[in-house]
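Visitor: predicted structure and sequence below. I'll ask about it afterward.
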Amino acid sequence: MRMARLCCLLLLSGCAFAAQAKMVHKPVEWTEGSTKFHSVLVYDDAVATKRPGLVMVPNWYGVNDGALKKAEGIAGKEYVILVTDMYGETVRPTNDDQAMAAVKPLYGDRALMRKRIDVALDQLKAQGKSAPIDLTKLAAIGFCFGGSAVLDLARSGADVAAVVSFHGALQTDDPSLAKQIKARVLVMNGADDKGTMPDADKFMDEMRGSKADWQFVVLGNAVHCFTETDQHKPGCMYDERAAQRSYRLMRDWLHGAFTNAP
């Protein structure tokens, strides 16, 4: 009887612990100029040990439920991720026209884009006071528009171990900025991405002019948006094989950067 009661208590305590462990969504807000930004810190609070911190810039739809779900899948028990607002809290596109209007000012003013992503990195660092972030292991990942943003973070000379761009635009306003890159740069684009691949040669020339450790991976048979599970349009389509391969490449790249492995 006593043994049965003990087993019951242990089971209940285990259930209570499991109920407490969850993916945290912590609002992170800041003001830059007259614009207030609303980002979200995502991590698994079942893991108490510190882990690498990632700035994540979503596709041109910005911070939404889909971006947070993607961040949860990537974070797991391995990373703390700041899902980054690049537009301001009042701008939340719900269709392609609105998204185009949201990204246009940033593509038109790359200095502004670099400033905003640099501030986001500072905000991630500040979360190390209360979240389990290993501040010696910081990186950035981005998707579509977000890929452009994290490449600009690298071009700004930010002190991060790595940046990873998924199906992101490759062009820059100033190729000479590549000389400032400190991060290991991994770029992955679909071979049939008609929006980004025309700039591939210029991008590689830009990287050749830097001292960066970089890799440009072309994923066969993939078009734009290959990691975006809700996209099924011609030219912008989810591809499970390309997505899974690119995530494995990302994890390997980040591990190598954080451990200073070849």
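Guide: Yep, it's here.
Visitor: buried residues in stretch 133-149, which are they?
Guide: Within stretch 133-149, the residues that count as buried by 16 or more other Cβ atoms under 10 Å are 133, 137-149. Placement of C-beta: from N, CA and C, glycine included.
Visitor: in helices, which of those residues appear?
Guide: Of the buried residues of stretch 133-149, the ones assigned to helices by DSSP state H are 145, 146, 147, 148, 149.
Visitor: so where does residue 116 fall, helix or strand?
Guide: Per DSSP states H and E: residue 116 is located in helix 110-126.
Visitor: show me the contact partners of that helix.
Guide: Outside of helix 110-126, the residues within contact range by Cβ atoms under 8 Å, 6 or more residues apart in numbering are 28, 30, 32, 37, 39, 41, 53-55, 57, 82, 84, 86, 105-107, 133, 135, 138, 140, 148-150, 152-153, 155-156, 158, 160, 172-174.
Visitor: same question for stretch 176-184.
Guide: With Cβ under 8 Å, 6+ apart, stretch 176-184 has contacts from 139-140, 153-163, 172, 206-207, 209-214, 253, 256-257.
Visitor: and the residues you listed, which are buried?
Guide: Counted by 16+ other Cβ under 10 Å, the contacts of stretch 176-184 give 139-140, 153-156, 158, 160-163, 172, 206-207, 210, 212-214, 253, 256-257 as buried.
Visitor: show me where the stretch 1-150 of the chain has strands.
Guide: Using DSSP state E, counting those that start in this stretch, the strands of the stretch 1-150 of the chain run over 23-32, 35-44, 51-57, 80-83, 133-143.
Visitor: just list what the second one packs against, helices and strands only.
Guide: Strand 35-44 makes packing contacts with strand 23-32, helix 65-75, strand 80-83, helix 110-126 when contacts are defined by 3 or more Cβ pairs under 8 Å, 6 or more residues apart in numbering; DSSP states H and E.
Visitor: out of the buried ones among the contacts of stretch 176-184, which sit inside helices?
Guide: Per DSSP H, those map to helices at 153, 154, 155, 206, 207, 253, 256, 257.
Visitor: turn the residues you listed into JSON lines, including pLDDT and distance to residue 124.
Guide: As requested, these are exported to JSON lines (pLDDT from 0 to 100; distance: Cβ to Cβ, whole Å):
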{"residue": "153", "pLDDT": "98", "distance to residue 124": "11"}
{"residue": "154", "pLDDT": "98", "distance to residue 124": "15"}
{"residue": "155", "pLDDT": "98", "distance to residue 124": "18"}
{"residue": "206", "pLDDT": "98", "distance to residue 124": "26"}
{"residue": "207", "pLDDT": "98", "distance to residue 124": "25"}
{"residue": "253", "pLDDT": "98", "distance to residue 124": "19"}
{"residue": "256", "pLDDT": "98", "distance to residue 124": "21"}
{"residue": "257", "pLDDT": "98", "distance to residue 124": "16"}
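Visitor: closest one of those to residue 73?
Guide: residue 253 (17.3 Å; Cβ to Cβ).
Visitor: I figured the closest one was touching residue 215, is that so?
Guide: Yes: Residue 253 is within contact range of residue 215, at 7.5 Å (criterion: Cβ atoms under 8 Å).
Visitor: which secondary structure state is assigned to the residue lying closest to residue 190 once chain neighbours are set aside?
Guide: With sequence-adjacent residues excluded and distances taken as Cβ to Cβ, 6 or more residues apart in numbering, residue 190 is closest to residue 222, at 3.2 Å. Per DSSP: H, G, I helix; E, B strand; the rest coil, the secondary structure class of residue 222 is coil.
Visitor: residue 222 contacts residue 238, doesn't it?
Guide: No: the criterion here is Cβ under 8 Å, and residue 222 misses it with residue 238 at 9.7 Å.
Visitor: ok, the two, which is more surrounded?
Guide: residue 222 (24 against 17; other Cβ atoms under 10 Å).
Visitor: in contact with that one, which residues are there?
Guide: 167, 190, 191, 192, 193, 239, 242.
Visitor: try 10 Å this time
Guide: 167, 188-193, 237-239, 241-243, 245-246 (Cβ atoms under 10 Å, 6 or more residues apart in numbering).
Visitor: select only the buried ones of those residues in PyMOL?
Guide: To isolate the buried members of the contacts of residue 222 in PyMOL, using 16+ other Cβ under 10 Å:
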select buried, resi 167+188+189+190+192+193+237+238+239+242+243+245+246
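Visitor: thanks a lot, catch you later.
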